[in-house]
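Peer 1: return atomic coordinates for the entry below.
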Amino acid sequence: MRLEQSGARPRAARTLRRPGVGPDTHERYRALLESAPDAMVIVDDAGIIRLVNAQTELVFGYSRDDLLGRPVELLVPQRFRGHHLRNRRRYLGSPQVRPMGAGLELSGLRSDGTEFPVEISLSPLETPDGLLVSAAVRDVSDRKAAEERISQLALIVESSQDAILTTTLDGVITFWNMAAADMYGYPAEQAIGRHVSALAPAGQRDAVDAILARIGRGERIDRYEGLRMTRTGRLLDVDIVLWPVRAHSGRIDGACAIVRDITEHKRAKQELTRLYQQQRQVALTLQRSLMGSPPEIPGIETASRYLPATQGAGVGGDWFDLIPLGAGRVGVLIGDVMGRGLEAATVMGRLRSAANALARTGMPPQQLMHAIDTVARDLPDQLITCSYLVIDVNPAEVTAASAGHLPVLLVEPDATVRQLPVPVSVPLGVGDIPHQETKLTTPPGSTLVFYTDGLVETRVSDIRTQIDALQSELHTVFAGTSSLEHAADRVLAAMLPGSDEPADDVTLLLVRTPPAPLASARTSLRPEPAQVAAGRRFVRDALIAWGDGELAHTACLLASELLTNAVGNTREAIGLGLHRTASELVVEVTDDNAQRPQLTLPGPADESGRGLTLVDALSDSWGIRPSGTGKIVWFALATPARADRG
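Peer 2: Next comes the predicted model:
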């Protein structure tokens, strides 16, 4: 816009032709005003606006017509106008140049009523028409806002609890906040100008220079941990963040560092690590103590691996157990108490002890699951899975029940792998939901694979996919080896490439079912006293046929006692069975009476009660277990090949 005083602005032209400013004066300043970057306002000695430039319109929001001939106080906030009038009169009494930035806090008023900070320079102008005052008005809103932000940042830096310092790329300290003074012991006047390597232990100047070189290349360094030295020589563990400082041109000319003292944090962390390791070792010791070492069972080959978790609270509640049940039968238990630490290990110990004791009574899997489910219900907030399986050599079958545990896998002698179709019930402790059991035929010499979720559970794959992968790996391994120890190592290496540091407890148990009996025989007898003699003959004839005649006398005597007890307590047919393995002869008598006979010490005049006492004295082992609606009483004798002949 131009300072035109005719044509479109007749009122403005008339105003400019008042005695204050003549046409020659107007023309003299017009070009100068329009080229100025600031708002230019020229007033006469009465404070009336006589000339303005286009920038004035932009800054204040008025048109020229609205300003010319108006008092300059129009551009001053209302609360300052009286003060401004006095200052203007004082200035006219001694007019002189007043530059911008003279330390005055001044404000302007826009046409919309908003105020904004300004700087004003004043210049008196002597003209033929009288004294004029030229005011250059600069809007400093952006600069004031920037100064406010800088002030706030400076306050933040000074109040920070972290040491903040800047250096040149040569390492000379150029800024040092109060926290740095407190941390290192150097006041700012002693730190600024020093080389930053003075804060590092002796011999680390090269490391400091290497960091500065990286900063010079524009790198940002996050979480650099190292040692720094205070004024008194005390070493501090520190965590440092560094980044480049750039000039307005974009060139890197220094480095800024935020330093945090983590000495106490690291000391506390080390103490927590020590306590964690101590607790983990206690839990691991407790778990191994409670788990114990499964016994070696003749005719049963096993291999087991247990890896405690190395993450989180450490050792957990995995357990397994092998329980000799006699008569060629073995119980296998595996379970998992969810959770970690001493509590999980303690719960595991209680359940394992209870399950072991119950299994030794000959309790079948379904009944055992219901019994330990009752125990688990007394343990609040526990999720426990368990699987119990009984291996029977004659016939070659397993009886199994599962309380929410992962499926047992079967590797047949030809390396075919399949899941045992065992019905899976709810985890232990839920209650009110019956557990189920099933009998399954298994080829002799097969391998049963038991495991916990630590072996097959990952964050990146579905657990069913991992079980499929385990089956595939088992097939590959057993196609190339018959060694259970070698197979266990191969499976762990394949399923857990980082098995030295598992995220969860890992348990793997391999159990090879025994070979079929070398010989077996079975008969059925009527519940009549005369059938006891028939039973003795059956036992004697079978043993002679098998070449074990030397066992016949003891076997017939003990079988006669068991048959006599059965005849007096049953109405249905009595079963008599024998089977011989490489290590023992087992004789079993089955009846339909579920009542268990009790081993008692008969008195001198007693006519009965001596049968079980005789069995207990002469057999190597004996026992009683449920059988459908009745029971089985059995005894075992070591075969001649295993007998201790002195």
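
Peer 1: would you confirm that Thr263 contacts Asp239?
Peer 2: No. Contact between Thr263 and Asp239 fails when scored by CB atoms under 8 Å: they sit 10.3 Å apart. C-beta: built from backbone N, CA, C; applies to glycine.

Peer 1: so where's the stretch 501-646 of the chain shaky on pLDDT?
Peer 2: Across the stretch 501-646 of the chain, the ranges flagged by pLDDT under 70 are 501, 602-609, 641-646.

Peer 1: now do the strands in it.
Peer 2: 506-512, 519-525, 574-580, 584-591, 621-627, 630-638 (DSSP state E, counting those that start in this stretch).

Peer 1: and of these, who's closest to Leu153?
Peer 2: Relative to Leu153, the nearest member of the strands of the stretch 501-646 of the chain by CB to CB is strand 506-512, separated by 53.4 Å.

Peer 1: show me what that closest one is packed up against.
Peer 2: Where contact means 3 or more CB pairs under 8 Å, 6 or more residues apart in numbering; DSSP states H and E, strand 506-512 is packed against strand 301-307, strand 316-326, strand 329-340, strand 447-451, helix 484-495.

Peer 1: can you convert these into JSON lines and add a column each for mean pLDDT?
Peer 2: Below are the helices and strands packed on strand 506-512 laid out as JSON lines (pLDDT from 0 to 100):
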{"stretch": "strand 301-307", "mean pLDDT": "89"}
{"stretch": "strand 316-326", "mean pLDDT": "86"}
{"stretch": "strand 329-340", "mean pLDDT": "86"}
{"stretch": "strand 447-451", "mean pLDDT": "96"}
{"stretch": "helix 484-495", "mean pLDDT": "94"}
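
Peer 1: ok, Ser197 - contacts?
Peer 2: Neighbouring residues of Ser197 by CB atoms under 8 Å, 6 or more residues apart in numbering: Gly171, Gln204, Arg205, Val208, Asp209.

Peer 1: that's a helix at it, yeah?
Peer 2: Yes. Assessed with DSSP: H, G, I helix; E, B strand; the rest coil, Ser197 lies in a helix.

Peer 1: distance of it relative to Val238?
Peer 2: 14 Å (CB to CB, to the nearest Å).

Peer 1: rewinding a little: make JSON lines out of the helices and strands packed on strand 506-512 and add mean neighbour count.
Peer 2: Below are these laid out as JSON lines (neighbours: other CB atoms under 10 Å):
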{"stretch": "strand 301-307", "mean neighbour count": "18"}
{"stretch": "strand 316-326", "mean neighbour count": "22"}
{"stretch": "strand 329-340", "mean neighbour count": "23"}
{"stretch": "strand 447-451", "mean neighbour count": "23"}
{"stretch": "helix 484-495", "mean neighbour count": "17"}
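
Peer 1: gap between Pro423 and Thr438?
Peer 2: 6 Å.

Peer 1: the more surrounded of the two?
Peer 2: Thr438 (15 against 12; other CB atoms under 10 Å).

Peer 1: picking that back up, what do Pro423 and Thr438 both touch?
Peer 2: Common contacts of Pro423 and Thr438 (CB under 8 Å, 6+ apart): Ala401.

Peer 1: how about low-confidence regions in the stretch 351-500 of the chain?
Peer 2: In the stretch 351-500 of the chain, residues with pLDDT under 70: 380-381, 498-500.

Peer 1: go again using 80 as the cut-off
Peer 2: Within the stretch 351-500 of the chain, the ranges that satisfy pLDDT under 80 run 379-382, 431-432, 459-460, 498-500.

Peer 1: got phi/psi on Ile372?
Peer 2: Phi and psi for Ile372, reported as degrees, to the nearest 10, are phi -80, psi -20.

Peer 1: go on, Gly480?
Peer 2: Reported as degrees, to the nearest 10, the phi and psi values for Gly480 are phi -110, psi -10.

Peer 1: could you check how many residues crowd around it?
Peer 2: By other CB under 10 Å, neighbour count at Gly480 equals 12.

Peer 1: any buried residues in the helix or strand containing His84, and which?
Peer 2: Secondary structure from DSSP states H and E places His84 in helix 81-93. If you call a residue buried by 16 or more other CB atoms under 10 Å, then helix 81-93 has these buried ones: Arg81, His84, Arg88.

Peer 1: same question, stretch 433-443
Peer 2: His435, Glu437, Thr442.

Peer 1: of those residues, which belong to helices?
Peer 2: Among these, none falls in helices (DSSP state H).

Peer 1: save these as CSV, and put in distance to Val393 too.
Peer 2: Listed next are those as CSV, based on distance: CB to CB, whole Å:
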residue, distance to Val393
His435, 25
Glu437, 19
Thr442, 10
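
Peer 1: what's the closest of the residues you listed to Gly623?
Peer 2: Glu437 (19.7 Å).

Peer 1: residues in contact with the closest one?
Peer 2: Neighbours of Glu437 in contact, by CB under 8 Å, 6+ apart: Pro364, Pro365, Gln366, Met369, Thr399, Ala400, Ala401, Pro423.

Peer 1: for the closest residue in space to the second one that isn't next to it in sequence, helix, strand, or coil?
Peer 2: Nearest residue to Pro365, sequence neighbours excluded (CB to CB, 6 or more residues apart in numbering): Ala401, at 3.7 Å. Secondary structure assignment for Ala401 (three-state DSSP): strand.

Peer 1: my guess is Ala401 meets Pro434, correct?
Peer 2: No. Checked against CB under 8 Å, the pair Ala401 and Pro434 is beyond contact range at 10.3 Å.

Peer 1: touching both of those two, which residues are there?
Peer 2: Joint contacts of Ala401 and Pro434 (CB under 8 Å, 6+ apart) are Ser425.

Peer 1: just checking, Leu637 touches Ser583?
Peer 2: No. In terms of CB under 8 Å, Leu637 does not count as a neighbour of Ser583; the distance is 10.3 Å.

Peer 1: okay, these two: which has more neighbours?
Peer 2: Neighbours were tallied for Leu637 and for Ser583 using other CB under 10 Å; the higher tally belongs to Leu637 (23 against 15).

Peer 1: tell me the contacts of that one?
Peer 2: Leu551, Thr554, Ala555, Glu584, Leu585, Val587, Ser619, Asp620.

Peer 1: next one: Ala494
Peer 2: Glu473, Val477.

Peer 1: any weak-confidence spans in the stretch 201-350 of the chain?
Peer 2: Within the stretch 201-350 of the chain, the stretches with pLDDT under 80 are 276-295, 299, 308-317, 338-346, 349.

Peer 1: the strands in it, which residues?
Peer 2: 221-229, 235-246, 252-261, 301-307, 316-326, 329-340.

Peer 1: one step back: can you flag the buried ones in the contacts of Leu637?
Peer 2: Neighbour-count burial (16+ other CB under 10 Å) applied to the contacts of Leu637 gives Leu551, Ala555, Glu584, Leu585, Val587, Ser619.

Peer 1: from these, pick the one nearest Arg522.
Peer 2: For these, the nearest to Arg522 is Val587 (10.9 Å; CB to CB).

Peer 1: pretty sure that closest one contacts Val633?
Peer 2: No. Using CB under 8 Å, Val587 is not in contact with Val633; the gap is 9.4 Å.

Peer 1: tell me, what's touching these two both at once?
Peer 2: Leu562.

Peer 1: columns neighbour count and distance to Ala136 on top of the contacts of Ser197, output as TSV?
Peer 2: Compiled in TSV, those are given as follows (neighbours: other CB atoms under 10 Å; distance: CB to CB, whole Å):
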residue	neighbour count	distance to Ala136
Gly171	18	45
Gln204	16	56
Arg205	14	54
Val208	18	50
Asp209	15	51
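
Peer 1: tell me which two of those residues sit farthest apart.
Peer 2: Largest separation among the contacts of Ser197 by CB to CB: Gly171 and Gln204, giving 12.1 Å.
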